[in-house]
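**Q** what follows is a protein structure lacking sequence information:
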């Protein structure tokens, strides 16, 4: 191979690179699109309000919290829970226990479900205050629970789920 053929190969490579970049610049000029001054939509970051689980049970006004929610909204939010739990009367345990009548019931009370040792040792009654703290972040409230759920950060969602679960009971507990 002589020097003339090497020059032709190098020239064709340079020409190819120039064509690729040149076509790109030409199409940018030809199809210029002006960017809008303000975005078409904005994404708002959620405001997270949490209550520390180490605080006293009076740290949040449950009546005020429950006033934010509704049973209908709770039914929609509960769909997140329905992958692991059933709330229907006579339902079968899934990954998690049946939650029919859970409000006012002692934790770890269903005999045909294998609870974690931490939840059995917890041994508290599921009141609105207790359920609220649990739903914020289950693993933080009851260390060692096997419930792998991140929690419900929205106060409205927690209030609605609690109202919905309370409505799914033969003996719903009294709202404060």
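**A** Alright, I've got the coordinates. Computed from a predicted model, the values in this text were never measured in an experiment. Numbering: from 1, shown residues only.

**Q** hey, let's count contacts and neighbours off CA atoms from now on
**A** Fine.

**Q** could you chop this protein up by domain?
**A** 1-29, 68-167 (automatic domain parsing).

**Q** so which of those domains is the most packed in?
**A** Stretch with highest mean neighbour count among the domains of the chain: domain 68-167 (a mean of 18; mean count of other CA atoms under 10 Å).

**Q** so how far is that one from its chain's centroid?
**A** 15 Å (CA atoms, centre = their mean, to the nearest Å).

**Q** now stretch 39-46: mean pLDDT?
**A** The pLDDT scores in stretch 39-46 average 78.

**Q** actually, stretch 93-104.
**A** Stretch 93-104 comes out at a mean pLDDT of 91.

**Q** end to end on it, go ahead and measure it.
**A** With CA to CA, to the nearest Å applied, stretch 93-104 spans 19 Å between its terminal residues.

**Q** any chance of the domains of the chain in a markdown table, with distance to residue 60 too?
**A** Converted to a markdown table, the domains of the chain look like this (distance: least, CA to CA, whole Å):
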| stretch | distance to residue 60 |
| --- | --- |
| domain 1-29 | 58 |
| domain 68-167 | 8 |
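
**Q** how far does stretch 121-137 stretch from start to finish?
**A** 18 Å.

**Q** hang on, the earlier thing: for residue 35, find the nearest of the domains of the chain.
**A** Closest of the domains of the chain to residue 35 is domain 1-29, at 13.3 Å (criterion: CA to CA).

**Q** can you give me the offset of the closest one from its chain's centre?
**A** Distance of domain 1-29 from the chain centroid (CA atoms, centre = their mean) equals 53 Å.

**Q** now for residue 78: which residues touch it?
**A** Applying CA atoms under 8 Å, 6 or more residues apart in numbering to residue 78 gives the contacts residue 161.

**Q** ok, now how distant is it from residue 157?
**A** Distance from residue 78 to residue 157, by CA to CA: 9 Å.

**Q** appreciated, that's everything.
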